[in-house]
Structure formats: structure tokens, C-alpha cells
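Undergrad: Mind folding the following:
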Amino acid sequence: MHGPGIRILTRRFLPIIALGALACGPPPGGLVIENARIVDGTGAPAFLGAVRIEDGSITHVGPDVSPGEGAEVVDAGGLVLAPGFVDTHSHADREILERLDATAAVSQGITTVVVGQDGGSPYPLADYRSRLEAAPATVNVASYVGHNTLRGLVLGEDFRREATAEEVAEMARLLETEMEAGALGLSTGLEYDPGIYSHTEEVLELARAAAEAGGRYISHIRSEDRWFDDAVEEILRIGAETGMPVQISHAKLALKSLWGGADGFLDRLDRARAEGVDVTLDVYPYPYWQSTLTVMFPDRDFDDVEEASYVVTELAPPEGILIPVYAPEPSFAGRTLASIAEELREEPAVVLLDLIRRAEAMRADPATPPGTPIESVIATSMAEDDIARIFAWEHANLCTDGALMGAHPRGFGSFPRALRQFVREGGVLTLEEAVRRMTSLAADHMGFRDRGRIEPGMAADLVLFDPETVADRATPEDPHALSVGIHRVLVAGETVFAHGETTSARPGAFLTR
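TA: Predicted coordinates for the structure are as follows:
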């Protein structure tokens, strides 16, 4: 159906350019990608044409684009050329400083990652930004400022309470500094310590400060299960009272009794939008999430057997609770709660509580080196039909919620999985509309005005892929397996991924609002 791959030509009969040469910077005469099926990110029908790139930007788009003297020419062979994918919820924060290749991201077509999520952000942002500008990555990076980060700085270990007015004011001062350093806005993780102890008024006060600085609000809402409706109302209130755009992170219905309720949830968001609240969401295409064991216990009572029984019946079954990391007993890592409970000949609820208590004891032990990974969980809690329905909502964009070397396959597979599952196999969306959710809509939700569309003046962040073969390969057992069907990825007009591997090009920029 498509041509035999990518052919690289150069006008004036220059030799074919090898992969290594692609990493040496943009060609002096510009770059033209021709014979491409252009899906421009707007949702408009695809068309056969060419794109010309000069100095990192798109200059010409159309059916007949002249390469010009000395230009590098890439024959796309009829493959799809789309804007680079924008990951609006990434956990590449610190990893990217050491893994500048960002293989997990670029191998699935991502050209921009947005970090500082779930209330946790690099601090101080000015230093983080300086490091990335001094040693850029393959991808662009933007960041929110995290409420939990600010709360930890101000309250320290005394965080299991509401903040005083003076403490909120101090958080607001820190927030202002981070916004000046280029943060997109405020992020919250209200199921996590220390944000779980905050009152809505505290969050509102900080959101107002972010709004006054022209920022946005993105939130891992206060509950994705038991008190889901209340948590949704909280973020809608923040949007209504501040007037700022608000986004629900990795939207999900993570409780059996909520399954099948996607339409009601989306209807509530539609009513809010009709009332003037600019509410949006992002979602990843997996029925299982990754977090900490403690997040399943909002009251943080790790002796409550009744609550633990509720967790393993309503939130996730024991066989659906995978524990990728468990430092107190390394032999438990990579096993399910069901398997561990069977070995110990104990009820899964009892074992779950014991696992948490041991992990918390190790975390509190002064002998444990700071930053030691203690425990994590991948839990199957969502229904596939709800995920598809949420992704199909016109104001939903795709994300990974993944890390560069995480235990969840979403870090390596989210975008190809969505193209396979929701477009080629499921027919949930057309290719053009799915690409819009991954590009222009995501860029709009983050406030990026020069990304996400193939049109003159836009940054030349592009992905060339085969819609007939693009697919994820990462699994919980092999979470770092590269996807297939992604042929070439460009950032600022430079090739950062081709032939199944990253190049040495590092054109990524730090993006600000």
C-alpha cells in the first residue's frame, strides 16, 4: 500500500545522506519531505503533498513544493506525515537530564513532553531550565509548577494538616517565582502526600495566583474512584472561580461501580463548558495505572483490613495488582498480590497492608538512602469501553503519564497503541481526528501557539509513520519494547529518530507559556 520506505535524495546529484549525517544539524539548503500523506493536525482530510523546512520552521506546505538549490529531499513513499505528538502529561522530569536521547518519547513520535505533573515539579525551575538549555534533549520540554513541591518546601514534614494563611501566602510567593522562570501553570496531585491534606481554598488561592500570571491548571484530581464526582466538582469550581483553563490529568473511572459511567462524566464536563468553564482532559490508552501502594488508601490507615478488602474487590483484584518494585523484599518485585498472598498463605487484603507497612518503615528509616525506589504498583482498574469513550470526547487529548524508563508500558507505547487500538482496529476516531488529539488539541491545551500543526510558521516538529503497521510492543513484562511503524521523527527540522534508533541530534528547546 505504501512505498518501500524512506529515500533521502539531494538536489544537484549529491550522494544519499546516511543516518549519522542526519544528526549533524539542518541541511544548509533546507529540507523537503515530499510524496507524503499529510495529516496536518487540524482534523482536515489527509492530502498528498510536500513540506519544506528552513531554519527549524515549516515554510511551505502543498501538493507542489519546490526543493530549491542544495536542499535535502526525503521521499516519504506515501507514509503519513503529521505534526510531532505532544505529551501533555509526562514523568520524564529528572530522567531527561541524564537520558537526553529520550528514546521512550521519540520512538513513539513524541516531540514535546510536559513535566511537573501530579503536583511534583523540578525545583527551582530556573536551574532545571538552565540545565536543559545548556544540554538540550531530543525533545522539547515544558513544565508546570507542582503544588506538592511548594507545600513540601513550606510545610516540611509537618504537612498532615491544612496550611495556614501565612503558609499559603509563602507558597504563592514561590509559585510566582516559578511562573517567572517559565512554568505553564499550577499542577496538583491531590491523592498524594502532601497535597491530599490541603483544603480546596488553599488550592484555589494558588490557582488564582497562577491565573494572574497567565497560567493554566492541571490536576490529578482528589479522587479517581470513591469520591470521583466530588473531585470533578472541585476542579470545575477552580475553573469557574479563576477563569483559567483547567485540565483533568489521565482521566479515568478507576472503580468497578463507576464502570460504564463515562457518558455521565463527560456530560457533566459539557455542561460546565456551556457555563463558561474551559475544562479539558488528557487520557492514556491502558486499563491499568501505576502509582504507589499507599494511594489506594486515601485515609492513610494501613491497619484497616476492611478498607483493604474494599481495595481488592472494588479498585483492583489481587491478580490485577502487579508490584514492579518492592525494596523491602526484592523477591516480590514483578509479582502480583495474588501470587505473593498464595505464597504466604494469607488473605490478599492482609498481605497488602503488610506490604505497605514494611515499605513505609523502610521509607522512614534514616539508613535508607534518599531517593531509593521503595515500592510501586500497576493496578488494573479501568474498563476499555470507558477509555475509548473518554478519548472520543472532542476536548480530550492523548498523553502517556509515563517515564522514560518506567515499569508501565505507557512510557514507550501510548501513542502507537492509540493509533492501533482506536483508529485501525477499533474505529473510534478517524486517523485525522486521532492525530488532532495528539497534536494541535494537545498543544492548544498547553498554550503552545507554534506547535501541533503542519502549516507555514509552525515549528518543524514532525513524525512520519505507517498507519497500517504502527503499533505498540511494550507490555508490563517488557515495558521498554519499542513500537513499530514510526519511521522518522524530526524536532526543529532535525532528525532525532530514524531506522529504529535515535540520532545524536539534540535540538529540543525549553518551552514556556
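Undergrad: all contacts plus neighbour counts: C-alpha atoms, from now on.
TA: Noted.
Undergrad: Once you drop chain neighbours, what's closest to the spatially most central residue of the chain?
TA: Geometric centre of the chain, nearest residue: residue 89, 2.7 Å, by Cα atoms, centre = their mean. Leaving aside its sequence neighbours, residue 89 sits nearest to residue 401 (Cα to Cα, 6 or more residues apart in numbering; 5.0 Å).
Undergrad: my read is that neighbour is in a strand, agree?
TA: No: the assignment for residue 401 (DSSP: H, G, I helix; E, B strand; the rest coil) gives coil, which keeps it out of a strand.
Undergrad: For the residue nearest to the centre of the chain, list the residues it contacts.
TA: 113-115, 117, 249-250, 282, 399-402 (Cα atoms under 8 Å, 6 or more residues apart in numbering).
Undergrad: circling back to that earlier point, how about the residue nearest to residue 89, phi and psi?
TA: Here is the backbone geometry of residue 401 (degrees, to the nearest 10): phi 50, psi 30.
Undergrad: Please verify my assumption that it contacts residue 284.
TA: Yes: under the criterion of Cα atoms under 8 Å, residue 401 makes contact with residue 284 at 7.1 Å.
Undergrad: Mind listing the shared neighbours of those two?
TA: By Cα under 8 Å, 6+ apart, the residues touching both residue 401 and residue 284 are 250, 410.
Undergrad: Surely residue 45 is within a helix?
TA: No: secondary structure assignment places residue 45 outside any helix; it is coil (three-state DSSP).
Undergrad: The residue nearest to it when sequence neighbours are not counted and residue 409: what is the separation?
TA: Take residue 45 and drop its neighbours on the chain: the residue closest to it by Cα to Cα, 6+ apart is residue 432, 6.4 Å away. Noted for residue 432: a distance of 25 Å to residue 409, by Cα to Cα, to the nearest Å.
Undergrad: Then residue 292?
TA: Taken as Cα to Cα, the span from residue 292 to residue 409 is 16 Å.
Undergrad: okay, the two: which has more neighbours?
TA: residue 409 (27 against 16; other Cα atoms under 10 Å).
Undergrad: That one contacts residue 475, correct?
TA: Yes: counting by Cα under 8 Å, residue 409 does reach residue 475; the two are 5.2 Å apart.
Undergrad: Give me the local confidence score for the nearest residue to residue 298 once chain neighbours are set aside.
TA: Leaving out its chain neighbours, the residue that sits closest to residue 298 by Cα to Cα, 6+ apart is residue 191, at 6.9 Å. For residue 191, the model assigns a pLDDT of 97.
Undergrad: Residue 307 now?
TA: Looking at residue 307, the pLDDT reads 97.
Undergrad: Got phi/psi on residue 51?
TA: phi -130, psi 130.
Undergrad: Count the neighbours of it for me.
TA: 28.
Undergrad: Name whatever forms a beta bridge with it.
TA: residue 33, residue 61 (DSSP bridges).
Undergrad: All further residue positions should be reported with the first residue as 31.
TA: Understood, numbering begins at 31; the last thing we discussed is residue 81.
Undergrad: okay but it is in contact with residue 94, surely?
TA: No: the criterion here is Cα under 8 Å, and residue 81 misses it with residue 94 at 9.1 Å.
Undergrad: hmm, back to that, confidence score at the residue nearest to residue 119?
TA: pLDDT, read off for residue 431, is 98.
Undergrad: Look at residue 316 and give its secondary structure.
TA: Going by three-state DSSP: residue 316 is coil.
Undergrad: any idea of the mean pLDDT in stretch 70-80?
TA: 98.
Undergrad: Would you report the backbone torsion angles of residue 351?
TA: Torsion angles, degrees, to the nearest 10, at residue 351: phi -110, psi 100.
Undergrad: any idea how far it is from residue 196?
TA: Counting by Cα to Cα - residue 351 and residue 196 are separated by 41 Å.
Undergrad: With neighbour numbers in mind, choose between these two.
TA: residue 351 (25 against 10).
Undergrad: is it true that the more buried one touches residue 367?
TA: Yes: counting by Cα under 8 Å, residue 351 touches residue 367, with 5.6 Å between them.
Undergrad: show me where the stretch 31-180 of the chain has strands.
TA: Secondary structure of the stretch 31-180 of the chain, counting by DSSP state E, counting those that start in this stretch: strands at 37-40, 61-68, 77-84, 87-92, 102-105, 110-113, 115-117, 140-145, 170-173, 175-176.
Undergrad: Quick one: distance of the second one to the chain centre.
TA: Going by Cα atoms, centre = their mean, to the nearest Å, the spacing between the C-alpha centre of strand 61-68 and its chain's C-alpha centre is 28 Å.
Undergrad: would you list every one of the helices in the stretch 381-530 of the chain?
TA: 414-422, 440-448, 461-468, 470-476 (DSSP state H, counting those that start in this stretch).
Undergrad: One more: the stretch 81-230 of the chain?
TA: 125-128, 133-136, 155-164, 177-185, 195-210, 230-242.
Undergrad: Select, out of those helices, the one closest to residue 517.
TA: Nearest to residue 517 among these is helix 133-136; the distance by Cα to Cα comes to 10.7 Å.
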